[in-house]
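[1] Here is my input, please return the structure:
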Amino acid sequence: MKVEALELALREGLAVVIAALSPVLVTVAVVGVIVGLASARLGLRDPAVAQLARALAVCACLGLAAEPLATLAVDYARASWSSLGRVDTAETP
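    Numbers count the residues shown, from 1 in each chain. Here you go, the predicted model:
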């Protein structure tokens, strides 16, 4: 019983991490491609422009998605902590 509960908690935790990181990763990838194409078109060779654009995109994405990500994390934590009370505490031989 304990192993199954741990498996379920780990699986749900991994799903929360993937759900939280996917918008940021997609945003950074899209901004990186757009800035790369614009830099190539304009002949810019300074990597600081691309880094700054990606950093601003990450900040904007986290700013817009902060509340849903926090809600997702709190719901996972609440479910994990409540499942601790349901785990069978009897020792198995």
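
[2] Residue 31: neighbouring residues, count only.
    19 (other CB atoms under 10 Å). C-beta coordinates here come from the backbone N, C-alpha and C atoms, glycine included.

[3] any low-confidence regions in this structure?
    Residue ranges of the chain with pLDDT under 70: 1, 85-93.

[4] max-length helix in it?
    Counting residues, the longest helix found in the chain (DSSP state H) is helix 2-42.

[5] how distant is it from the center of its chain?
    How far helix 2-42 lies from its chain's middle: 5 Å, per CA atoms, centre = their mean, to the nearest Å.

[6] for that helix, packing partners?
    helix 47-84 (3 or more CB pairs under 8 Å, 6 or more residues apart in numbering; DSSP states H and E).

[7] by how many degrees do the helix it packs on and helix 2-42 diverge?
    Counting by axes from the mean of the first three to the mean of the last three CA atoms, to 10 degrees, helix 47-84 points 160 degrees away from the direction of helix 2-42.

[8] For residue 46, what are phi and psi?
    Backbone torsions of residue 46, given as degrees, to the nearest 10, read phi -80, psi 120.

[9] excluding its backbone neighbours, what's nearest residue 13?
    Spatial nearest neighbour of residue 13, excluding adjacent residues (CB to CB, 6 or more residues apart in numbering): residue 76 at 6.5 Å.

[10] What number of residues are in the vicinity of the one you found?
    Counted by other CB under 10 Å, the residues lying close to residue 76 total 18.

[11] So which residue is dead centre in the chain?
    residue 21 (2.2 Å; CA atoms, centre = their mean).

[12] any idea how far that residue lies from residue 28?
    Counting by CB to CB, to the nearest Å, the separation of residue 21 from residue 28 is 10 Å.

[13] in stretch 36-54, what's buried?
    Using 16 or more other CB atoms under 10 Å as the test for burial, stretch 36-54 gives 39, 50, 53, 54.

[14] now do the same end-to-end measure for it.
    Criterion CA to CA, to the nearest Å; first-to-last residue distance in stretch 36-54 is 11 Å.

[15] starting at the chain centroid, how far to that stretch?
    Distance, stretch centre to chain centre, for stretch 36-54: 26 Å (CA atoms, centre = their mean).
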